[in-house]
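[1] Build me a model from this:
(chains A, B, C and D)
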2 protein chains.
Amino acid sequence: MADQAGTAGEQSAESLVGPRERYRRQVQDEVRAHAWKQLAEAGAAGLSLKAIAKQMGITAPALYRYFASRDDLLTELILAAYRDLAQVVEVAAGAGGTPRDRLTAIATVIRDWARRDPHRYLLLYGTPVPGYAAPAEATELARRIFAPVRDAFSYGSDDQSMHRSLTFWTRVHGVISLEVAGHFTGMPFDPAGLFAAEVRSTLGDLP
Amino acid sequence: MADQAGTAGEQSAESLVGPRERYRRQVQDEVRAHAWKQLAEAGAAGLSLKAIAKQMGITAPALYRYFASRDDLLTELILAAYRDLAQVVEVAAGAGGTPRDRLTAIATVIRDWARRDPHRYLLLYGTPVPGYAAPAEATELARRIFAPVRDAFSYGSDDQSMHRSLTFWTRVHGVISLEVAGHFTGMPFDPAGLFAAEVRSTLGDLP
DNA sequence: CGCTTCCGTTACACCGTATAACTGAAGTAA
DNA sequence: TTACTTCAGTTATACGGTGTAACGGAAGCG
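    Numbering: from 1, shown residues only, chains lettered A, B, ... in the order given. The predicted structure is shown next:
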């Protein structure tokens, strides 16, 4: 029993935690690091507990002391990705300026974030994994990422803000997803220019 | 030797082909049918030769008489999907009318095609499969699907036709991909309306 | 110092791709 | 009809993946 935290109530801080729990977190972090590497290189399908174990010099069943299942680990990574993107978007939106400035900043950081690790973006907004069901927290985080966009479009008394926000979102995603999925490779044009033009045209008459 | 076709030169027609080849094609078609079913239900990751063999009442190694590998079968399905979409788009574009009419028709049939079998759409334009490399014919077919869009935008002497075509494409894909990937589920709005509005606004001043 | 916790091991079951070698039935030609 | 050839489908096997069960031992803890 008492799988989580030994004597003290579970503290997120590193202090006040025994050596056992400390070691445990260290191993978990190492697993996550290897997992991200695999994810970046081969996508969600390439995530293999056995391969991670091999890289860590232990056997595969040992990993089940740290993660209930492969799906469990994948869920953690997905949530971490959502949280990271949410933070990035919120920072961009929080920089202030006109709605136009904020939305341009949001679009820019999302594209940069996606290009930095294409598989991570596709993990969130690409083809859903076969039998995987997103936890409630995922949709909540997706909403949180979307919120700054809605806010920026909610200037004045505009009943169209939801519609304009969704349009902004689908257009941004349209360019980014095709770009990171490699569907533009070999075509003689600049995705960055297309993206910038698309953002500009979508913002239109925005102040 | 002479793996393909027995005595006569390989004819695509069913006649003039021996009973062996006839049976062979029949089995291949049955495999493809089961494969499509699996693909529609669980996506590319759910495609299993072993499962198909089981459903057909034979053992898995027997299938290797008909397809060199799982990837080989998957490639066939992808190319078939491209061909099907190309045909659908060409029919829509060939119905004539103004460029506006044609592009509206193209957008509509693509969305319908995607919604009819979401995994098939994502197979072409979603997250690329791990180690899979698209054959040359795939990119050629992708170009063929895109061509009618370019044609419709190439009225008058418009140097922006390529840019407008790409914008059309990314916007159509933006809405469709999020829709078929289920990222709109639970949100209180109508994807069809968003799509129609997006197409309308993208066509803008088109004649 | 002794007890308990828990990490990592091996062994195993199951699913998946893929190859090798064998069997036998069907087609083919003398 | 008979003899030969082709080829579908089988079993056995290797390999990689997830996941469970049972065991050993080292570390933490009172």
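[2] quick one: the most centrally placed residue in chain A from DNA strand C, how far?
    In chain A, the centroid-proximal residue (C-alpha atoms, centre = their mean) is A:Ala81; its distance is 2.8 Å. From A:Ala81 over to DNA strand C the distance is 25 Å, taken as C-beta to the nearest atom of the strand, to the nearest Å. (C-beta placed from N, C-alpha, C; glycine too.)
[3] just checking, that residue touches A:Gly126?
    No. Using C-beta atoms under 8 Å, A:Ala81 makes no contact with A:Gly126, being 11.6 Å away.
[4] can you give me how far stretch A:34-53 is from the chain middle?
    Chain-centre distance of stretch A:34-53: 16 Å, with C-alpha atoms, centre = their mean, to the nearest Å.
[5] ok, it near chain B or not?
    Yes. Residues of stretch A:34-53 contacting chain B under C-beta under 8 Å from any C-beta of the partner chain: A:Ala42, A:Gly43, A:Ala44, A:Ala45, A:Gly46.
[6] buried residues in that stretch?
    Across stretch A:34-53, burial judged by 16 or more other C-beta atoms under 10 Å in any protein chain shown covers A:34-36, A:38-39, A:43-49, A:52-53.
[7] For B:Tyr64, state which of those residues is nearest.
    Using C-beta to C-beta, A:Ala45 is the member of the buried residues of stretch A:34-53 that lies nearest B:Tyr64, at 22.1 Å.
[8] Can you check the pLDDT for the closest one?
    As predicted, A:Ala45 sits at a pLDDT of 93.
[9] ok, back up a step: among the residues of stretch A:34-53 next to chain B, which lie within helices?
    Those of these mapping onto helices are A:Ala42, per DSSP state H.
[10] now for the residues of stretch A:34-53 next to chain B, which pair is the farthest apart?
    A:Ala42 and A:Ala44 (8.5 Å).
[11] In contact with the residue lying closest to A:Gly126 once chain neighbours are set aside, which residues?
    Counting by C-beta to C-beta, 6 or more residues apart in numbering or on different chains, B:Thr127 is the residue found nearest to A:Gly126 once chain neighbours are left out, at 3.8 Å. Residues near B:Thr127 by C-beta atoms under 8 Å, 6 or more residues apart in numbering or on different chains: A:Gly43, A:Ala44, A:His119, A:Leu122, A:Gly126, A:Thr127, A:Ala181.
[12] quick check: mean pLDDT across the helix or strand encompassing the fourth one?
    The one in question is A:Leu122. For A:Leu122, the element it lies in under DSSP states H and E is helix A:118-125. Summarised as a single mean, pLDDT over helix A:118-125 is 97.
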